[in-house]
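Asks: have a look; sequence and predicted model below, questions after that.
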Amino acid sequence: MSSDRKMRLGAFLMAGGHHISAWRHPDAHAPAGVDIAHFIELARTAERGKFDMIFVEDAAAIRERNPDMASQAARSTGFEPLSLLAALAVNTSHVGLVATASTTYNDPYGLARTFASLDQLSGGRAGWNLVTSASELEAENFASSGLRPHSERYERAEEFANAALALWDGVDQGAYLPRGEGRFFDHDRLHPLSHRGKHFTVGGVLQSQRSPQGRPIMVQAGASDVGKELAARTADVVFAASQTLGEAKACYDDVKARMAKYGRQPDDIKIMPGISPIIGSTEGEAKAKYRELQELIPDAVGVALLASYLSIQDLLAYPLDGPLPDMPPTNLIQSRQQLIIDLGRRENLSIRELARHFAGARGHWQVVGTPEQIADAMEERFRAGAADGFNVMAPLFPSGLEDFVTHVVPELRRRGVFRETYEGSTLRQNLGVGAPSKR
């Protein structure tokens, strides 16, 4: 690893915070999910800390059918992500703007056009987190046939990604407004797409200038085998979930090793695992903050959240102080199901203990400690070649992000692993992933 290699940071924004019971905390901002001033404050805090990007996830449905499980609903009540990021684009100048959009319930042309517009509005700071939808509740809003099988969702995602990338690459620099011979566009710089596939038919070109960064950044979070293969071929950034250094290193090496067959170099992708830091001026203060959040989790809510990721309907029917039951592979998020099973068996956790642990960051890495301890943990994984950076998931907003920027970022800079200032004006330049190759 190069000694001048710098850590990349994303701020994963989620209404009042990532902890499942953040909305119940005494310091919670109740209308966080629908308060644009709240999100502008968070975006500007991330930019002040010189974060590479802010990231907004999405689910096109309420997250909980049972109205008694309000903690789940509290996480899903908010703005549509691309509309939100368009507003944040004019309130920031450097930080990247990344949104989740599903290939399951969209079409390539419409989505490519929307991200191209966000990229122009922001001066080349847009990114698309490509996901496949794995929620039965989302399927009920879009597909009369119900949730598609895992393999079919990824087959559709492959074709979707190919079409979207080709649309972005179908417009060369200077294709529109050539300023000569009375023409508005240059035929030689436009490359209409003629796609006829199993899932989509797309013909034509985008009515947008080429992106200031070549094309929007592609982000992925799938950790299944097929997900990692798609990432190795198309992604610029991978968001990962890893509990241990060994798991993080194995995932990192696996994705990087797959890239050569697609003519790509390892540094063409930045792998950024999620981290949920709970920060205190002393270790005791940090642990007290963690306990305060944990005590806000009703068992029914924690177990229901765990069950939704495990794809098991009757988890509450098992003894909560006993171990996880054996279960078949899910049709939902397969990699997250395995992560949960491995964590429970490795730590010998009961269902209740596992549910409470999982509720804090949904299987992502939680670190509780002082700014120095948080920086120690991040630096260890970074220098071990297990991460190129991290997607920071503050348990409570806005205080959690403010604490990280005020106390942890200076510590990372003191160690020489994080930037003092932005390297460029586009997200691609700041991430250091290089110009995209034309397809």
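Replies: All right, it came through fine.
Asks: dump the longest helix anywhere in the chain to PDB, restricted to CA.
Replies: Using DSSP state H to assign secondary structure, the helix with the most residues in the chain is helix 150-169. In PDB, the C-alpha atoms belonging to helix 150-169 read as follows (Å, rounded to 0.1, in the frame of the first residue of the first chain):
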ATOM      1  CA  HIS A 150     -32.800 -13.300  -6.500                       C
ATOM      2  CA  SER A 151     -31.200 -14.600  -9.700                       C
ATOM      3  CA  GLU A 152     -33.700 -12.800 -11.900                       C
ATOM      4  CA  ARG A 153     -33.300  -9.500 -10.100                       C
ATOM      5  CA  TYR A 154     -29.500  -9.600 -10.700                       C
ATOM      6  CA  GLU A 155     -30.000 -10.700 -14.400                       C
ATOM      7  CA  ARG A 156     -32.200  -7.600 -14.800                       C
ATOM      8  CA  ALA A 157     -29.700  -5.400 -13.000                       C
ATOM      9  CA  GLU A 158     -26.900  -6.500 -15.300                       C
ATOM     10  CA  GLU A 159     -28.900  -5.500 -18.400                       C
ATOM     11  CA  PHE A 160     -30.100  -2.300 -16.700                       C
ATOM     12  CA  ALA A 161     -26.500  -1.200 -15.900                       C
ATOM     13  CA  ASN A 162     -25.300  -2.000 -19.400                       C
ATOM     14  CA  ALA A 163     -28.000   0.200 -20.900                       C
ATOM     15  CA  ALA A 164     -27.600   3.100 -18.500                       C
ATOM     16  CA  LEU A 165     -23.800   3.200 -19.000                       C
ATOM     17  CA  ALA A 166     -24.200   3.100 -22.700                       C
ATOM     18  CA  LEU A 167     -26.700   6.000 -22.600                       C
ATOM     19  CA  TRP A 168     -24.300   8.100 -20.600                       C
ATOM     20  CA  ASP A 169     -21.500   7.200 -23.000                       C
END
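Asks: can you pull the buried residues of it?
Replies: 150, 153-169 (16 or more other Cβ atoms under 10 Å). Backbone N, C-alpha and C define where each C-beta goes, glycine included.
Asks: other SSEs contacting it?
Replies: When contacts are defined as 3 or more Cβ pairs under 8 Å, 6 or more residues apart in numbering; DSSP states H and E, helix 150-169 sits against helix 108-122, strand 126-131, strand 193-196, helix 225-234.
Asks: could you dump these into JSON lines with mean pLDDT and distance to residue 240 added?
Replies: Rendered in JSON lines, the data for those read as follows (pLDDT from 0 to 100; distance: least, Cβ to Cβ, whole Å):
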{"stretch": "helix 108-122", "mean pLDDT": "97", "distance to residue 240": "22"}
{"stretch": "strand 126-131", "mean pLDDT": "95", "distance to residue 240": "13"}
{"stretch": "strand 193-196", "mean pLDDT": "94", "distance to residue 240": "30"}
{"stretch": "helix 225-234", "mean pLDDT": "89", "distance to residue 240": "9"}
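Asks: if you compare these, which one is most tucked away?
Replies: Of all the helices and strands packed on helix 150-169, strand 126-131 has the most neighbours on average by mean count of other Cβ atoms under 10 Å, namely a mean of 26.
Asks: which helices and strands does it pack with?
Replies: In terms of contacts (3+ Cβ pairs under 8 Å, 6+ apart), strand 126-131 is packed against strand 96-102, helix 108-122, helix 150-169, strand 217-220.
Asks: sheet partners, orientation included, of the last one?
Replies: Strand 217-220 has the following sheet partners, assigned by DSSP bridges: strand 126-131 (parallel), strand 237-240 (parallel).
Asks: can the helices and strands packed on strand 126-131 go into TSV with extra columns for distance to residue 271?
Replies: Converted to TSV, the helices and strands packed on strand 126-131 look like this (distance: least, Cβ to Cβ, whole Å):
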stretch	distance to residue 271
strand 96-102	15
helix 108-122	22
helix 150-169	18
strand 217-220	10
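Asks: quick check: which of the ones you listed is nearest to residue 232?
Replies: Proximity to residue 232, assessed across these by Cβ to Cβ, is greatest for strand 217-220 (9.5 Å).
Asks: in the stretch 301-439 of the chain, which spans are strands?
Replies: Secondary structure of the stretch 301-439 of the chain (DSSP state E, counting those that start in this stretch): strands at 365-369, 389-392.
Asks: which of those strands sits most buried?
Replies: strand 389-392 (a mean of 27).
Asks: what about that strand, distance to the chain center?
Replies: Taking Cα atoms, centre = their mean, to the nearest Å, the mean C-alpha location of strand 389-392 is offset from the chain mean by 10 Å.
Asks: quick one, which of the helices and strands packed on helix 150-169 is nearest to residue 346?
Replies: The nearest among the helices and strands packed on helix 150-169, by Cβ to Cβ, is helix 225-234 at 21.4 Å.
Asks: which other helices and strands contact the closest one?
Replies: Using 3+ Cβ pairs under 8 Å, 6+ apart as the contact criterion, the elements in contact with helix 225-234 are helix 150-169, strand 217-220, helix 245-257.
Asks: and the first one with helix 225-234, angle?
Replies: With axes from the mean of the first three to the mean of the last three Cα atoms, to 10 degrees as the criterion, the two stretches helix 150-169 and helix 225-234 enclose an angle of 10 degrees.
Asks: after helix 150-169 comes which helix or strand?
Replies: strand 176-180 (DSSP states H and E).
Asks: if we can go back for a sec, who wins for proximity to residue 250 among the helices and strands packed on strand 126-131?
Replies: It's strand 217-220; of these, that one is closest to residue 250 (Cβ to Cβ) at 17.4 Å.
Asks: please read off the pLDDT at residue 65 from the model.
Replies: For residue 65, the model assigns a pLDDT of 63.
Asks: can you list the buried residues in the longest strand along the chain?
Replies: Of all the segments assigned as strand in the chain under DSSP state E, the longest by residue count is strand 270-279. For strand 270-279, the buried set under the neighbour-count rule, 16+ other Cβ under 10 Å, comprises 270-279.
Asks: what about the closest residue to residue 407 other than its chain neighbours, distance to residue 353?
Replies: Nearest-residue entry for residue 407: residue 371, 3.9 Å, with adjacent residues in sequence omitted and distances by Cβ to Cβ, 6 or more residues apart in numbering. Counting by Cβ to Cβ, to the nearest Å, the separation of residue 371 from residue 353 is 28 Å.
Asks: for residue 424, same thing?
Replies: In this structure, residue 424 and residue 353 are separated by 45 Å, where distance is defined by Cβ to Cβ.
Asks: likewise residue 374?
Replies: Taken as Cβ to Cβ, the span from residue 374 to residue 353 is 23 Å.
Asks: so for the two, which sits in the more crowded spot?
Replies: Set side by side, residue 374 and residue 353 give different neighbour counts by other Cβ atoms under 10 Å, the larger being at residue 374 (25 against 15).
Asks: low-confidence ranges, the stretch 51-200 of the chain, go.
Replies: For the stretch 51-200 of the chain, the stretches with pLDDT under 70 are 63-76, 134, 143-146, 180-181.
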